[in-house]
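Asks: here is my input; please provide its structure:
(2 chains)
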Number of protein chains: 2
Amino acid sequence: MAEATTLKGQPLDRPVLDSMLRRRMFYTPAFEIYGGVAGLYDYGPPGCGLQANIVDLWRKHFVLEEDMLEVDCSVLTPGEVLKTSGHVDKFADWMCKDPKSGEIIRADHFVEEILENRLKGDKEARGVKVEEKQADPKKKKRKAKGGPAAVKLDDAVVQEYEEILAKIDNYNGKELGELIKKHDLKNPDTGVQPSPPIAFNLMFQTAIGPSGHIPGYLRPETAQGQFLNFSKLLEFNQGQMPFASASVGRSYRNEISPRAGLLRVREFLMAEIEHFVDPQGGKKHPRFHEVKDIKLVLLNRETQLAGKTHVEEVSIGEAVANGTVDNETLGYFLARIHLFLEKIGVDQSKIRFRQHMANEMAHYAADCWDAELFTSYGWVECVGCADRSAYDLSVHAKKTGAPLIVREQLPEPIVIEEWQVSLNRKLFGPHFKKDGRAVEAAVEGTGQDQREALAKELSEKGSITIEVAGVGNGKVQIPKELITIERRTRAEHVREYTPNVIEPSFGIGRILYSILEHNFWTRASDGGDEARGVLSFPPTVAPTKVLIVPLSSNEKFRPTCHKLSQKLRKIGISSRIDDSSATIGKRYSRNDELGTPLGITVDFQTIQDGSITLRDRDSTKQVRADEDTIIAAIQSVVDGSKRWRDVEAELPAFEGQEVEVTVR
Amino acid sequence: MAEATTLKGQPLDRPVLDSMLRRRMFYTPAFEIYGGVAGLYDYGPPGCGLQANIVDLWRKHFVLEEDMLEVDCSVLTPGEVLKTSGHVDKFADWMCKDPKSGEIIRADHFVEEILENRLKGDKEARGVKVEEKQADPKKKKRKAKGGPAAVKLDDAVVQEYEEILAKIDNYNGKELGELIKKHDLKNPDTGVQPSPPIAFNLMFQTAIGPSGHIPGYLRPETAQGQFLNFSKLLEFNQGQMPFASASVGRSYRNEISPRAGLLRVREFLMAEIEHFVDPQGGKKHPRFHEVKDIKLVLLNRETQLAGKTHVEEVSIGEAVANGTVDNETLGYFLARIHLFLEKIGVDQSKIRFRQHMANEMAHYAADCWDAELFTSYGWVECVGCADRSAYDLSVHAKKTGAPLIVREQLPEPIVIEEWQVSLNRKLFGPHFKKDGRAVEAAVEGTGQDQREALAKELSEKGSITIEVAGVGNGKVQIPKELITIERRTRAEHVREYTPNVIEPSFGIGRILYSILEHNFWTRASDGGDEARGVLSFPPTVAPTKVLIVPLSSNEKFRPTCHKLSQKLRKIGISSRIDDSSATIGKRYSRNDELGTPLGITVDFQTIQDGSITLRDRDSTKQVRADEDTIIAAIQSVVDGSKRWRDVEAELPAFEGQEVEVTVR
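Replies: Numbering: from 1, shown residues only, chains lettered A, B, ... in the order given. A predicted model of the protein is given here:
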């Protein structure tokens, strides 16, 4: 994979972009005057505007388009809820401490990096050219002093290392600790082995209420609040299935060592959809035909297993048909995610959908794909789209007894033929005495296939033997006097089922950062000084749509500027007046850095004949016309009905002020 | 004050409203299937939509209208920041425990209620009619079994109790404990005295990072994040003053015993503005003239001190002129808050602005007014508008050394005449030896008045004596050979000042709840069954603008309904199709409860001639016209350019389907 590039294909110089984003206050480390806290950021006015526009488009694209039920749930969450969901036990990373430096280290990343370094050293020693692996922003790279040592390893050792790396996600803390010992993995910074790994739960904990009796967490995802409200939402939707809920809100993860700017933070905005679907009938989607021809770049599981990153561009219709993507509903959302990313200004050549490996997915998930965006940090997971099956609703229903199910009135009763068991209770109790309950539960717990076999056993042998843990030697014989196993029929009028959940989950901060990189480029300046940054956002996501610049700070221009700004506000277009004393050129550059797509200049001619000029951020071309014509042109560019080239073709060009003269 | 009423003046039956709000999922207790957690709520689809519309209008009314700089800051906040702001030490309530029941009790409320009950009992014993005090939703009322006992008190005791109540906010925990002991205040529920009060900090605490070394809190207000970014925001604003920052986000308070629904919760949405203004020149506001004639209902400090609740309606211009409201900027925001509340559907007869008493305000505040809205819980503080002076910026600057100031280039240098001190360093050092530094610091620390006196002392006595803590007996004599104190002049080219902050702070949840009460009323039903609830939101804040109902679930109506819904979406109007099998009347009632202002009916005539009917939620009147005419009418009602009565006057009336027949 090539290096990251700007919108115009220039090599991306991240420090230049970073410094521009800081200078223009897109975002800034939170609490910076107090020294800051890793993983916490504040958004300044342009970042805040960009975020709001992304969220607004998300709502229109998903929530309004599909009549989703938006909810806004509590961030503070009692421990019991997250215990049930599995987060209290499993939402953890393994963490070691360097006994010398006190540095805290993520165990799996540590093992991975040291072994990779050794393999790299081996290749070097063998004279094999080493290709740089793609940077993974999730991992903290140990800075090996002077790079890996060129030490040749035994072939058997190489194979062992490669096997460890292939299943690195599968080790628990104890196993990671054993690997560190066995292979004597030392922190290159200090030369010592880190301490044995301990589990570090990534949730922020707090206590709710004055007694401190209610342990609580800050939610790690918005999903649980939506699941807990399932029954109310179904009722709100008048019992109709399928439907989706949606939520936009903050979530929290106490990362062990957050870095990589906005990509790995401790507090972040998520936008999540929980689409509830009947698992019967292959999870079809009624609008799948609308998206079936959309082509996606897919990196599937098999390709990854083969250790490759080759991608294929296929229509989602084909991918579902050939089984690459599990079902229509999942496929529908992958296509919709693709369209959304396109709309908000993601570079089309920098999107891929990567399928989760079997060991990456939660054990209940049927399939999971991440929309990854390519940035200077490598491929970054920005949207996850998982089929969570019936897991969440089932565990909460089991824990609380709440019926998180759909009851579907059947048009005609279904006649079900099945193996049924009946016990002769008069004899059964006295026969098993205190073990009666346990034996009965074991009998009731048998499945259809097992019952069929047991029926055969009963007729052939006159008794059955089943396993009952804790009774006798664990096996219990039941004579035919006590039990009947028969095939019977019964009619069912209502079908009850637990819906499956397809969950598209968006990390808004990661998407926002990717859009910044994808829309950034630099323009050589007229004056020959250093290149100037431009953020070519699509007008819909640009924080401000129009810059209004008076030629100078002359009082005469003020009323016109304010009138223009109010007219634009009336038609819902945000503008900003820059009447500072900087040159017009400087003021335009400042706003190119802010990504403002259009600029209006008010000059002396405006006062005379009411005409104004309109400037395009990307081409720096200008046109001139009367106020109403220019405002109509702005509106059409902002609402997307026209592009700048249409405006340029329609209105007279203007060559003018954009020169480096002080106009005071 | 009268009881709470509905929009139509009916007595407000809160349980009826509550049950409707639950049924329609405006909001719901969070984690209800797990038994819920007091003070935590989830918003369902209509509540979520209502909240989004209120926030959207807030942004337009404040942020866009005044070019405020919106920021989005971290909720997780390191302890040091909140230590400096005073929250770690002072953001607490005094809490007691009932040793018998374990109940946790807020100490000040406890003392207040028991004494009020005794005074009530005294009045009863004296045969004086007892007027019910207004309910204050902030206080948990002890349920005195059977009401207060009619026991006559000595006149001196009555006076003592009244004095205690007048200054109840001024007692600290120790003093509250003494009051409980001295007056033998017992919990009526258990008959025992509660334990001595201890301070309970209302912030939720957590630990940031894996080491647990960074103690953190969930912010109790959004303000601190804005203050810490002051210098960056000033730079973003190109150094221009005054300006305002703004932020919408969640804040957290670990209330001791939250009740009263959405009015006292532990997690809530705030919208806060920090307007930074030069304290010099009386805090004028350039747009004050635009609002000066707006009349507000004011309950000032003097009236409250006199123990009255008499309000006066005065123009804000007059209130600032006569000093009731401290300054123009504060007055400007009070008027703007009033206009905002009016716009979003607050009942004009249920707003008042109450000035904080001196002892209610933070010690640094210059003036503070709360916009209170009247509900069935009494008067509820929904917006605070405080002049926080330079307090916050000063304390953070002092703690961190960051220059949170404005440097104003003076058009002409200011010549300052002042007392200056100079030391004869050759002699000073050897004279004081190791104490030199301390003595010098004490000399440098003297103020202008002191220096004038010291100059006199020096010329009269030939030496001065100043206090230097830790040196000798704390007093040090400096002979005239070592020091000169003279009046000299110097020129200053830059003026440095710390801006003052005017802070309008909105509790969105409380405003939302008040709007629900203010817009609720019940309509007698045609069929004579129980009255039906209606929420007459202004169209701008209504969660959904248009309900689309096909006459029946006949397939024929489906394409028309979808086409209408898409047309409306294109012009930015949210709609919802209700094609359930309920009667048209039932479907309209359901949507009256949801506050949907307009309804479209699609019937067989629509299929023939394309005409549709439009129904008004409030009058239930209908008109009929072709699709384009109806859509234009909808647009004008939603954007506020027309009212229903205009539409009714222009278009032909329709008498029709709203009858209780099943139309399947």
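Asks: which residues of the stretch 501-650 of chain A lie near chain B?
Replies: A:569, A:574, A:576-578, A:580 (Cβ under 8 Å from any Cβ of the partner chain). For every residue, glycine as well, the C-beta is placed using N, CA and C.
Asks: the same query, at a cut-off of 10 Å, please.
Replies: Residues of the stretch 501-650 of chain A lying close to chain B by Cβ under 10 Å from any Cβ of the partner chain are A:543, A:565-566, A:569, A:572, A:574-582, A:587, A:590, A:594.
Asks: filter these down to the buried ones, PyMOL style.
Replies: In PyMOL syntax, the buried subset of these is picked out as below (16 or more other Cβ atoms under 10 Å in any protein chain shown):
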select buried, chain A and resi 543+565+574+575+576+577+578+579+580+582+587+590+594
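Asks: narrow the residues of the stretch 501-650 of chain A next to chain B to those in helices?
Replies: Here DSSP state H is the test, and these give A:565-566, A:569, A:587, A:590, A:594 as lying in helices.
Asks: residue B:465: which of the residues you listed is nearest?
Replies: Relative to residue B:465, the closest of these is residue A:590; by Cβ to Cβ it sits at 58.3 Å.
Asks: hmm, that closest one is touching residue A:534, no?
Replies: No - using Cβ atoms under 10 Å, residue A:590 is not in contact with residue A:534, being 11.3 Å away.
Asks: now for residue A:385: which residues touch it?
Replies: A:273, A:325, A:330-331, A:333-334, A:336-337, A:353, A:356, A:367-371, A:502-506 (Cβ atoms under 10 Å, 6 or more residues apart in numbering or on different chains).
Asks: from the residues you listed, which land in helices?
Replies: A:330-331, A:333-334, A:336-337.
Asks: show me the contacts for whichever residue of the stretch 501-650 of chain A sits closest to chain B.
Replies: Per Cβ to the nearest Cβ, residue A:580 is where the stretch 501-650 of chain A lies closest to chain B, at 4.8 Å. Taking Cβ under 10 Å, 6+ apart, we find residue A:580 in contact with A:549-550, A:553, A:586-587, A:590, B:237-240.
Asks: can you do 7 Å?
Replies: A:587, B:238 (Cβ atoms under 7 Å, 6 or more residues apart in numbering or on different chains).
Asks: which helix runs longest in chain A?
Replies: helix A:107-125.
Asks: other residues contacting the following helix or strand past it?
Replies: Where DSSP states H and E defines the elements, the next helix or strand beyond helix A:107-125 is helix A:155-166. For helix A:155-166, contacts defined as Cβ under 7 Å, 6+ apart pick out A:112, A:115-116, A:118-119, A:122, A:179.
Asks: between residue A:590 and residue A:534, which contacts overlap?
Replies: By Cβ under 7 Å, 6+ apart, no residue touches both residue A:590 and residue A:534.
Asks: now, which of the ones in helices among the residues of the stretch 501-650 of chain A next to chain B sits nearest residue A:628?
Replies: Of all these, residue A:566 has the smallest distance to residue A:628: 14.4 Å, by Cβ to Cβ.
Asks: what sits against that closest one?
Replies: With contacts defined as Cβ under 7 Å, 6+ apart, residue A:566 has no neighbours.
Asks: and the pLDDT at it?
Replies: On the pLDDT scale, residue A:566 is placed at 90.
Asks: now it: how far from residue B:551?
Replies: Distance, residue A:566 to residue B:551, using Cβ to Cβ, to the nearest Å: 45 Å.
Asks: CA atoms only: put stretch A:11-26 into PDB for me.
Replies: Presented in PDB, the C-alpha positions along stretch A:11-26 are these (Å, rounded to 0.1, in the frame of the first residue of the first chain):
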ATOM      1  CA  PRO A  11       2.400  12.900  -0.200                       C
ATOM      2  CA  LEU A  12       0.600  13.800   3.000                       C
ATOM      3  CA  ASP A  13       2.800  15.700   5.500                       C
ATOM      4  CA  ARG A  14       1.000  15.000   8.700                       C
ATOM      5  CA  PRO A  15       2.900  17.500  10.900                       C
ATOM      6  CA  VAL A  16       1.900  20.300   8.400                       C
ATOM      7  CA  LEU A  17      -1.800  19.300   8.600                       C
ATOM      8  CA  ASP A  18      -1.700  18.900  12.400                       C
ATOM      9  CA  SER A  19      -0.200  22.300  12.900                       C
ATOM     10  CA  MET A  20      -2.900  23.800  10.600                       C
ATOM     11  CA  LEU A  21      -5.700  22.000  12.400                       C
ATOM     12  CA  ARG A  22      -4.400  23.300  15.800                       C
ATOM     13  CA  ARG A  23      -3.900  26.800  14.500                       C
ATOM     14  CA  ARG A  24      -7.500  26.900  13.100                       C
ATOM     15  CA  MET A  25      -8.800  25.200  16.300                       C
ATOM     16  CA  PHE A  26     -10.500  22.300  14.700                       C
END
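Asks: for stretch A:202-219, buried residues please.
Replies: The neighbour-count check on stretch A:202-219 (16+ other Cβ under 10 Å) flags A:202-204, A:206-210, A:216-219 as buried.
Asks: of all the residues you listed, which two lie farthest apart?
Replies: Counting by Cβ to Cβ, the most remote pair of the buried residues of stretch A:202-219 is A:202 and A:210, 27.1 Å apart.
Asks: and residue A:440, how many neighbours?
Replies: 17 (other Cβ atoms under 10 Å in any protein chain shown).
Asks: report the beta-bridge partners for residue A:374.
Replies: residue A:379 (DSSP bridges).
Asks: chain B contacts on the stretch 351-500 of chain A?
Replies: Proximity of the stretch 351-500 of chain A to chain B, by Cβ under 7 Å from any Cβ of the partner chain, involves residues A:396, A:400, A:402.
Asks: of these, which belong to helices?
Replies: Short answer: these in helices (DSSP H) are A:396, A:400.
Asks: ok so, going back, need the ones in helices among the residues of the stretch 501-650 of chain A next to chain B in CSV with distance to residue B:55, can you?
Replies: As requested, those are exported to CSV (distance: Cβ to Cβ, whole Å):
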residue, distance to residue B:55
A:565, 23
A:566, 22
A:569, 18
A:587, 31
A:590, 29
A:594, 24
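Asks: state the pair within the residues you listed that is farthest apart.
Replies: Spatially, the most separated pair among those is A:566 and A:590, at 22.7 Å (Cβ to Cβ).
Asks: contact partners of the host helix or strand of residue A:28?
Replies: Element membership for residue A:28, per DSSP H and E: strand A:27-29. For strand A:27-29, contacts defined as Cβ under 7 Å, 6+ apart pick out A:21-22, A:36, A:41-44, A:47, A:262, B:229, B:232.
Asks: filter those residues to the buried ones?
Replies: For the contacts of strand A:27-29, a burial check counting by 16+ other Cβ under 10 Å picks out A:21, A:41-44, A:47, A:262, B:229, B:232.
Asks: quick check: which ranges of the stretch 101-250 of chain A have low pLDDT?
Replies: In the predicted model, the stretch 101-250 of chain A carries pLDDT under 70 at residues A:129-147, A:169.
Asks: tell me how far the residue nearest to residue A:39 when sequence neighbours are not counted lies from residue A:38.
Replies: Counting by Cβ to Cβ, 6 or more residues apart in numbering or on different chains, residue A:258 is the residue found nearest to residue A:39 once chain neighbours are left out, at 3.1 Å. Look at residue A:258 and residue A:38: by Cβ to Cβ, they are 5 Å apart.
Asks: of these two, who's got more company?
Replies: Using other Cβ under 10 Å as the criterion, residue A:258 and residue A:38 rank with residue A:258 on top: 19 against 15.
Asks: pLDDT-wise, which helix or strand of chain A ranks last?
Replies: helix A:301-305 (a mean of 81; mean pLDDT, DSSP states H and E).
Asks: burial count for the residue of the stretch 351-500 of chain A found nearest chain B?
Replies: Here the residue of the stretch 351-500 of chain A nearest chain B is residue A:402; by Cβ to the nearest Cβ that distance is 4.0 Å. When neighbours are counted by other Cβ under 10 Å, residue A:402 registers 16.
Asks: on that earlier part again, from the buried ones among the contacts of strand A:27-29, which ones fall inside helices?
Replies: A:21, A:47, B:232.
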